[in-house]
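> The following comprises the amino acid sequence and a computationally predicted model.
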Amino acid sequence: MELSLDDVRRIAQLARIAITDAEAAATRDQLGNIFDLIEQMNAVDTTGIEPMSHAQDLTLRLRADEVTQTDERERFLALAPETERGLYLVPQVIE
Amino acid sequence: MPWQIVIGLETHAQLSTRSKMFSGSSTAFGAEPNRQASAVDIALPGVLPVANRGAVERAIRFGLAVGGSIRRRSVFARKNYFYPDLPKGYQISQYELPIIEGGALLIPAADGERSIPLTRAHLEEDAGKSLHEDFQGATGIDLNRAGTPLLEIVTEPALTSAEEAVSYARALHALLRWIDVCDGNMQEGSFRCDANVSVRRNASDPLGTRCEIKNLNSFRFLEQAIRHEARRQIELIEDGGRVRQETRLYDPDRDETRPMRSKEDAHDYRYFPDPDLLPLEVTPDWVESVRAQMPELPAAMRSRLAGELGLAAYDAAILTGSRELARYFEAIASRLPGNAKLAANWVMGEILGRLNREGLEIGACPVDAARLAGLLARVADGTVSGKTAKEVLDALWSGTETADEVIQARGLTQISDSGELEVIIDGILAQNPAQVAEFRGGKQKVFGFFVGAAMKATRGKGNPAQVNALLRRKLGADA
């Protein structure tokens, strides 16, 4: 699969990563290599094999429905650049 | 020209767990901002999610209640998008392999019931809340809700009108509460609907392009938003335009929908299996142990009430509107063998009427099942008339006595002794010879005068049926 520069810019935009034209070109080449690898794997006949959704053949561990967490708000708020009245402040989001 | 409206609903039901989907934070509503947001909920680096068994169990209950198939292995996936109240940059959801597939919900319809097919129901986590109004040039973020478990329940595009969509939403809301998986509190956002709406000219045409209206948190808004959106699409097409697939918001103040800017990029969620979470396994043993704890479902109870107790379908539907109400009714009916209809009439009329006037839920009813049954037993055996019983109910409503105590203390026992009634009626006839003559002369209306006089003489306690019968006999009206 051939990746275009526009594809790379679109992926970067979705991930909110600012990239220069030079970075876009380099990234296209790197991603292209990854797609080549995927192409090679796609050549293997996997008919009748159930896809794994995780590399380890285990199932999910579950916890009991209990409140175990204590309030650490002040510690967490102290990490943020801007807070007010217990809220994290971010640049205005217009809906 | 008649247009066909096609609606599919996606409902987000907050599961009634104590703790969050992937962390041990409390899910209690109304805490101060960010006091219930752990390192996992605010997505500090290096933290890992651990799934809540209680949330999975609630999903299983729902699957059993709608007859869906419960996947033995389902998979959590990352749904990637950027928004400040989603601190990880992705929502943990289920995509290709949801825990519940298929099933159906019965909703009331003009000709009985209609079965609305479900596509799927999957587990996911809620986002936090953005507060846009309170800050100059900034948005405040509260992450208390982030990570709250949700069950997203998706219908097939099978609903055909705004009314039917509301009917489905109400039935789903009642069922979720009935099986104890969601508190259903719509003000607190525990039950929110997104509506996918499209229109087409004929039922045989392919589906039209749909728009999704987000976050409808009342039945009224759901109905208005669908009405409005269908009208908008029809007018657009009739004017030669085309519907563009987009996400829209409903503005109840203006009764219109408008495109949601933040969702322009949103259809590219780049789902992939979450490497932090292994496949979720639900064994047949687990399903069976959940099944064993399921309550009787409303549809089954409706047919039982109609079949065993002989109630009308409409009455059975009202009485199974919530599990609390159904329990209340059954507790009364079981104390009054053979008088289920009497119990149904009193619960639907007097009790629901009074609760409604006072804005109370059945759980807060001041007259419990035992006391109401005590009163209705006295109606059934003729001790008090229906009219007097309402007076007794007034006393039960504001006090703590039993019906028998009230009846005795106030001397309200109905006079059913025909000897005693006969003496009273003979007296009335003797005192009113003119009216007796009028009646015998053919003036039937005078009969009411005698009934009134008899009830007055007994201070309302005369058994009305007996008073009528005695009067007829003595006046020779039967002859």
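It's in.
> does chain B sit close to the longest helix along chain A?
Using DSSP state H to define each element, chain A has its longest helix at helix A:21-42. No: counting by C-beta under 8 Å from any C-beta of the partner chain, chain B has no neighbours in helix A:21-42; the shortest distance is 13.5 Å. From N, CA and C alone the C-beta is placed, and that goes for glycine too.
> Next, the buried residues of that helix.
A:Ala24, A:Thr27, A:Arg28 (16 or more other C-beta atoms under 10 Å in any protein chain shown).
> Which strands and helices lie in contact with that helix?
helix A:5-14 (3 or more C-beta pairs under 8 Å, 6 or more residues apart in numbering or on different chains; DSSP states H and E).
> Quickly check: the helix or strand just after the longest helix of chain A near chain B or not.
Per DSSP states H and E, the first helix or strand lying C-terminal to helix A:21-42 is strand A:62-63. Yes: Strand A:62-63 comes into contact with chain B (C-beta under 8 Å from any C-beta), by way of A:Leu62, A:Arg63.
> Which elements pack onto strand A:62-63?
Using 3+ C-beta pairs under 8 Å, 6+ apart, strand A:62-63 sits against strand B:51-52, helix B:53-65.
> what are the pairing partners of the shortest one, and which direction each?
It stands for strand B:51-52. strand A:62-63 (parallel) (DSSP bridges).
> Tell me which helix or strand comes right after the strand it pairs with.
Downstream of strand A:62-63, the next assigned helix or strand under DSSP H and E is helix A:73-77.
> Give the pairing partners of the following helix or strand past that following helix; include direction for each.
As assigned by DSSP H and E, the chain's next helix or strand after helix A:73-77 is strand A:83-84. When sheet partners are counted by DSSP bridges, strand A:83-84 sits next to strand A:87-91 (antiparallel).
> Can you add mean neighbour count and mean pLDDT and give the helices and strands packed on strand A:62-63 back as CSV?
Listed next are those as CSV, based on neighbours: other C-beta atoms under 10 Å in any protein chain shown; pLDDT from 0 to 100:
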stretch, mean neighbour count, mean pLDDT
strand B:51-52, 24, 98
helix B:53-65, 23, 98
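> Which of these sits closest to B:Gly349?
In terms of C-beta to C-beta, the element of the helices and strands packed on strand A:62-63 nearest to B:Gly349 is helix B:53-65, at 30.0 Å.
> which other helices and strands contact that closest one?
For helix B:53-65, the packing partners by 3+ C-beta pairs under 8 Å, 6+ apart are strand A:62-63, strand B:69-70, strand B:100-101, strand B:112-125, strand B:149-155, helix B:162-178, helix B:284-292.
> How about the longest one, which residues are buried there?
Which is helix B:162-178. B:162, B:164-169, B:171-178.
> ok, those residues vs chain A, which is closest?
Distance to chain A, by C-beta to the nearest C-beta, is smallest for B:Leu176 among these, at 17.1 Å.
> Now do the same contact list for that closest one.
Contact partners of B:Leu176, counting by C-beta atoms under 8 Å, 6 or more residues apart in numbering or on different chains, are B:Ala13, B:Phe62, B:Cys182, B:Gly184, B:Phe191.
> returning to what we had before: any chance of the helices and strands packed on helix B:53-65 in TSV, with mean pLDDT and distance to B:Gln4 too?
Output for the helices and strands packed on helix B:53-65, formatted as TSV (pLDDT from 0 to 100; distance: least, C-beta to C-beta, whole Å):
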stretch	mean pLDDT	distance to B:Gln4
strand A:62-63	98	45
strand B:69-70	98	30
strand B:100-101	98	27
strand B:112-125	95	16
strand B:149-155	98	16
helix B:162-178	97	12
helix B:284-292	98	38
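> A:Pro51: which of these is closest?
Closest approach to A:Pro51 among the helices and strands packed on helix B:53-65 is made by strand B:100-101 (17.3 Å; C-beta to C-beta).
> Which element is encountered next along the chain beyond that closest one?
Sequence order places strand B:104-109 as the next helix or strand after strand B:100-101, per DSSP H and E.
> mind showing which ranges of chain B have poor pLDDT?
B:1, B:261-267, B:477-479 (pLDDT under 70).
> Next, count neighbours for residue 9.
Just going to use chain A. A:Arg9 is flanked by 15 other residues according to other C-beta atoms under 10 Å in any protein chain shown.
> nope, chain B please
Every residue meeting other C-beta under 10 Å relative to B:Leu9 is counted, giving 26.
> Name the nearest residue to it, sequence neighbours excluded.
Computed as C-beta to C-beta, 6 or more residues apart in numbering or on different chains, the closest residue to B:Leu9 that is not its neighbour in sequence is B:Thr155, at 5.0 Å.
> rewinding a little: right, so of the helices and strands packed on strand A:62-63, which gets closest to B:Pro298?
Short answer: helix B:53-65, nearest of those by C-beta to C-beta, at 9.2 Å.
> Looking at the contacts of B:Leu176, which is nearest B:Ile424?
Looking across these and measuring by C-beta to C-beta, the closest to B:Ile424 is B:Gly184, at 54.9 Å.
> That's all I had, so thanks and see you.
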